[in-house]
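[1] below is the structure, and that's it, no one-letter string:
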Ligand SMILES: Nc1ncnc2c1ncn2[C@@H]1O[C@H](COP(=O)(O)OP(=O)(O)OP(=O)(O)O)[C@@H](O)[C@H]1O
């Protein structure tokens, strides 16, 4: 069992008598990347701000390595609202932030140079923050959040505003940090990245827990198979095939959403000989599709018996 770094238990918070989040409980373990997901306004940043002590919870407890007090120097935080002191040189700000966390300056300087190089900002240490583009500024702020080698790293939408190349850089760096033992809590709207890099996820909707589990469990539970067929076929015939929950058709492409317990090979074998198949693909529904289904309250993927956690 990996050590639990952060434990959130039954967290609840209201603003002006309006309940924003309730009964939020999850852990983040050493060396794992835990995603906190949910539609705009679901309560992700509120949860994170309570963990960071920027606001205080009305209910529940937050503990770090079993202790109620959160040691600031062991935590790194990339807030959703970006912004560094404008008129300051990059290296100065990184060293200043390291000093605030009692981190040795010599090591901080080495780390800063190494990370600036990694993020294609080599030679920019004397550039002032206001001269940077948005994405460059974000890279610097990311470096600021990890300069002191935190044991727990909280990243609120680290990928927003980054180009695809920089997204990959961030993704790989975040994975490296986890492999080196950092516990990471990450909020993001980029479902493909979350799917690729996160070990577990927690999804909030209307301030409540909807899903909590590891990526494989979540896929097993929610990501049914779908069969995409290209070819001219009659909607009603497809709909009557066994194990088909619903069919979406557009032009000559039909997507057959299959029931949760379908046995794929047997199902393929029983397809009628006269189906018109130019192409056929079997996939699992992506996290992106699961997210949209939940966020739009359609619950199309939810079958009888398949309970949301
Ligand atoms: N200081 C505040 N006062 C009143 N309401 C607030 C405050 N901060 C957040 N809220 C409300 O709490 C809810 C959750 O907001 P929060 O920022 O946590 O959502 P989020 O999941 O991070 O959304 P996004 O994906 O848009 O960043 C929203 O309805 C928001 O209007």
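    Noted; the coordinates are in hand. Remember, it's a predicted structure, so these values are computed and weren't measured experimentally. Numbers count the residues shown, from 1 in each chain.

[2] next, the buried residues of the longest helix along the chain.
    When the chain is parsed with DSSP state H, its longest helix is helix 164-179. Of all the residues in helix 164-179, those buried under the rule 16 or more other Cβ atoms under 10 Å are 166, 167, 169, 170, 171, 173, 174, 177, 178. All C-beta spots, glycine's among them, are computed from the backbone N, C-alpha and C.

[3] what mean pLDDT does that helix have?
    For helix 164-179, mean pLDDT is 95.

[4] what pairs with whichever helix or strand comes after it, parallel or antiparallel?
    The first helix or strand that comes after helix 164-179 along the chain, using DSSP states H and E, is strand 183-187. Applying DSSP bridges, strand 183-187 is found paired with strand 33-37 (parallel), strand 152-156 (parallel).

[5] which one of the ones you listed lies closest to residue 289?
    Residue 289 lies closest, by Cβ to Cβ, to one member of the strands paired with strand 183-187: strand 33-37, at 13.3 Å.

[6] quick one, that closest one and helix 164-179 angle?
    Interaxial angle, strand 33-37 versus helix 164-179 (axes from the mean of the first three to the mean of the last three Cα atoms, to 10 degrees): 130 degrees.

[7] can strand 33-37 be found next to the ligand?
    No. Contact of strand 33-37 with the ligand (Cβ under 6 Å from any ligand atom) is absent, the minimum separation being 8.4 Å.

[8] would you mind pulling up the elements that the helix or strand that comes right after that strand packs against?
    Next helix or strand after strand 33-37 toward the C-terminus (DSSP H and E): helix 44-51. Packing partners of helix 44-51 (3 or more Cβ pairs under 8 Å, 6 or more residues apart in numbering; DSSP states H and E): strand 4-15, strand 18-29, strand 33-37, strand 152-156, strand 183-187.

[9] which one of these lies nearest to residue 228?
    Set against residue 228 and scored by Cβ to Cβ, the helices and strands packed on helix 44-51 come closest in strand 33-37, at 25.3 Å.

[10] what's the mean pLDDT across that closest one?
    On average, strand 33-37 scores 95.

[11] same deal with stretch 216-223?
    Stretch 216-223 comes out at a mean pLDDT of 82.

[12] ranges for the strands of the stretch 51-200 of the chain?
    Remark: strands assigned in the stretch 51-200 of the chain by DSSP state E, counting those that start in this stretch are 59-64, 75-78, 152-156, 183-187, 200-205.

[13] any idea how far the residue sitting nearest the centre point of the chain lies from residue 184?
    Residue closest to the mean C-alpha point of the chain, counted by Cα atoms, centre = their mean, is residue 35 at 3.6 Å. Distance of residue 35 to residue 184, computed by Cβ to Cβ, to the nearest Å: 9 Å.

[14] same thing with residue 73?
    17 Å.

[15] picking up where we left off before, could you dump the strands of the stretch 51-200 of the chain to CSV with mean pLDDT?
    Shown next, in CSV, are these (pLDDT from 0 to 100):
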stretch, mean pLDDT
strand 59-64, 93
strand 75-78, 94
strand 152-156, 96
strand 183-187, 97
strand 200-205, 92
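
[16] so can I have TSV of these showing distance to the ligand?
    Below are these laid out as TSV (distance: least, Cβ to the nearest ligand atom, whole Å):
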stretch	distance to the ligand
strand 59-64	15
strand 75-78	13
strand 152-156	7
strand 183-187	7
strand 200-205	7
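
[17] ranking those by mean neighbour count, which comes first?
    strand 183-187 (a mean of 26; mean count of other Cβ atoms under 10 Å).

[18] relative to strand 200-205, how tilted is that strand?
    Going by the same axes, to 10 degrees, strand 183-187 makes 30 degrees with strand 200-205.

[19] just the angle between strand 183-187 and strand 59-64, please?
    Here the directions of strand 183-187 and strand 59-64 differ by 130 degrees (the same axes, to 10 degrees).

[20] just the strands in the stretch 201-309 of the chain please.
    208-214, 225-230, 244-250, 253-258, 279-284.

[21] reformat those strands as CSV; add mean neighbour count.
    Formatted as CSV, the strands of the stretch 201-309 of the chain follow (neighbours: other Cβ atoms under 10 Å):
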stretch, mean neighbour count
strand 208-214, 18
strand 225-230, 18
strand 244-250, 14
strand 253-258, 19
strand 279-284, 12
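
[22] out of the ones you listed, nearest to the ligand?
    strand 208-214 (12.0 Å; Cβ to the nearest ligand atom).

[23] angle of that closest one against strand 200-205?
    Going by the same axes, to 10 degrees, strand 208-214 is angled at 170 degrees with respect to strand 200-205.

[24] now tabulate the strands paired with strand 183-187 in a markdown table and tack on distance to residue 12.
    Below are these laid out as a markdown table (distance: least, Cβ to Cβ, whole Å):
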| stretch | distance to residue 12 |
| --- | --- |
| strand 33-37 | 16 |
| strand 152-156 | 19 |
